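K.L.:
Okay, structure incoming, though there's no sequence with it:
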């Protein structure tokens, strides 16, 4: 919601700050999951988790940048 408002108002600096904060938050979550998970096949858990977050980030970016056109 904030990203869409920033794009609509041409506040690109705020949009990119929010974008990098979201990507940083995703990285922190993946590192935390990796540190906390003690079961077998860690690579599978990290891979699936990062795929879900990457898809969500891409969809949010597409929806936000849809305000440009």
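P.N.:
Ah, there it is. Not measured: the values here are computed from a predicted model.
K.L.:
buried stuff in the one helix or strand in the chain whose mean pLDDT sits lowest?
P.N.:
Comparing every helix and strand of the chain by mean pLDDT, DSSP states H and E singles out helix 2-8 as the least confident one, with a mean of 74. By 16 or more other Cβ atoms under 10 Å, the buried positions in helix 2-8 come out as 3, 6-7. All C-beta spots, glycine's among them, are computed from the backbone N, C-alpha and C.
K.L.:
Specify which member of those is nearest to residue 50.
P.N.:
When the buried residues of helix 2-8 are compared for distance to residue 50 (Cβ to Cβ), residue 3 comes out closest, at 21.1 Å.
K.L.:
give the contact list for the closest one.
P.N.:
Contact analysis of residue 3 by Cβ atoms under 8 Å, 6 or more residues apart in numbering lists 15, 18-19, 60, 64.
K.L.:
coming back round to it: kindly reformat the buried residues of helix 2-8 as TSV containing distance to residue 49.
P.N.:
TSV is the format used below for these (distance: Cβ to Cβ, whole Å):
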residue	distance to residue 49
3	23
6	28
7	28
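K.L.:
Relative to residue 68, which of those residues is nearest.
P.N.:
When the buried residues of helix 2-8 are compared for distance to residue 68 (Cβ to Cβ), residue 7 wins out at 6.3 Å.
K.L.:
Spell out the residue ranges of the helices in the chain.
P.N.:
Using DSSP state H, the helices found in the chain span residues 2-8, 12-36, 42-65.
K.L.:
relative orientation of the second one and helix 42-65 in degrees?
P.N.:
Pointing back at helix 12-36 there. 160 degrees (axes from the mean of the first three to the mean of the last three Cα atoms, to 10 degrees).
K.L.:
re the thing from before, rank the helices of the chain by mean pLDDT and give me the bottom one.
P.N.:
Least confident of these, judged by mean pLDDT, is helix 2-8 with a mean of 74.
K.L.:
Selecting buried members of the contacts of residue 3 in ChimeraX, what would you type?
P.N.:
Provided next is the ChimeraX selection string for whichever of the contacts of residue 3 are buried by 16+ other Cβ under 10 Å:
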select :15,19,64
